[in-house]
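In: show me how the following folds:
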Amino acid sequence: MNTHHLTIPMFPLNMVLLPGETTKLHIFEERYKQLVNECFENDASFGIPFFEKGKVLTYGSEVKIKRILKKYANGEMDILIEGVGVFKMLEYSRKLTPKLYGAGVIEPINNNQKIALNALQDALVNYYGNIQNKFVDYETVSQMRVYNVAATLQLTHQEKYQLLCSKNPQFLLLNQVKFITHVINVEQLLRDGFINN
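Out: A predicted model of the protein is given here:
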């Protein structure tokens, strides 16, 4: 297996952005203003290692700046970023002198993993059909990618982080889809006032 290691700038945050997901960030610290300006000028990506309880954790998201939404007089800015990949971080330096920001050596995680687990295909066909009212057949589901599906499920950042760490993300995703489907079905029964009593 050909694993390539990359060194990219790091911006630790308490968030996980899966491939295709977007979010806005307000940039106010000098080191991150420098990071954003350099990445934007060079069309380069940067990493968001998951940051929790004061610790920079091992897994994270690789993101690109889609656009700078607003620049303030003091150099602060609002930016729109998009997840382009996910990674495992092998090394982390808080500061990459002479730069103000840190960097990490990463090993990209394959985000082209297709939905191959039969039980997960079943759960997704059921989820899209009964919960989303969309007809999605097995062939379509089998072409879907694990992280893209996860991105549509409104998982918490913690749940997304667990997915990145998982040795078997399809199995974890299966449990999440089943749980979401169960919760929505229960809510539906409550709304219908338990007609079958």
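In: pLDDT below threshold where in the protein?
Out: 1-3, 194-197 (pLDDT under 70).
In: could you list the domains of it?
Out: Listed domain ranges for the chain are 6-109, 118-191 (source: automatic domain parsing).
In: quick check: the gap between Gly54 and Ser61.
Out: 19 Å (Cβ to Cβ, to the nearest Å). The way it works is simple: take the backbone N, C-alpha and C, and place the C-beta from them, glycine included.
In: more neighbours, the two?
Out: Ranked by neighbour count (other Cβ atoms under 10 Å), Gly54 and Ser61 place Ser61 first, with 29 against 5.
In: just the element for that one, please.
Out: Taking DSSP states H and E as the definition, Ser61 sits inside strand 55-71.
In: after that strand comes which helix or strand?
Out: Criterion used, DSSP H and E; the element after strand 55-71 is strand 77-93.
In: so where do the helices sit in the chain?
Out: Per DSSP state H, the chain has helices spanning 30-42, 118-126, 138-143, 146-151, 157-165, 169-191. These are given in chain order.
In: please identify the deepest-packed of the ones you listed.
Out: Mean neighbour count, computed with mean count of other Cβ atoms under 10 Å, is highest for helix 146-151 among the helices of the chain, reaching a mean of 21.
In: just the C-alpha atoms of that helix, please, in PDB.
Out: These are the backbone C-alpha positions of helix 146-151, laid out as PDB (Å, rounded to 0.1, in the frame of the first residue of the first chain):
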ATOM      1  CA  VAL A 146     -18.800   6.200   3.600                       C
ATOM      2  CA  TYR A 147     -17.900   9.800   4.600                       C
ATOM      3  CA  ASN A 148     -20.200  11.400   2.100                       C
ATOM      4  CA  VAL A 149     -23.100   9.500   3.600                       C
ATOM      5  CA  ALA A 150     -22.000  10.400   7.100                       C
ATOM      6  CA  ALA A 151     -22.000  14.000   6.100                       C
END
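In: contacting residues around it?
Out: 18-21, 83, 86, 111, 113-115, 124, 160, 163, 169-170, 173, 176 (Cβ atoms under 8 Å, 6 or more residues apart in numbering).
In: one more pass at 7 Å, please.
Out: Helix 146-151 is contacted from outside by 18-21, 86, 111, 113, 115, 124, 160, 163, 169-170, 173, using Cβ atoms under 7 Å, 6 or more residues apart in numbering.
In: could you do stretch 153-173 as well?
Out: Contacts of stretch 153-173 (Cβ under 7 Å, 6+ apart): 14-16, 18, 50, 59, 86, 109, 115-117, 120, 146, 149-150, 176, 180.
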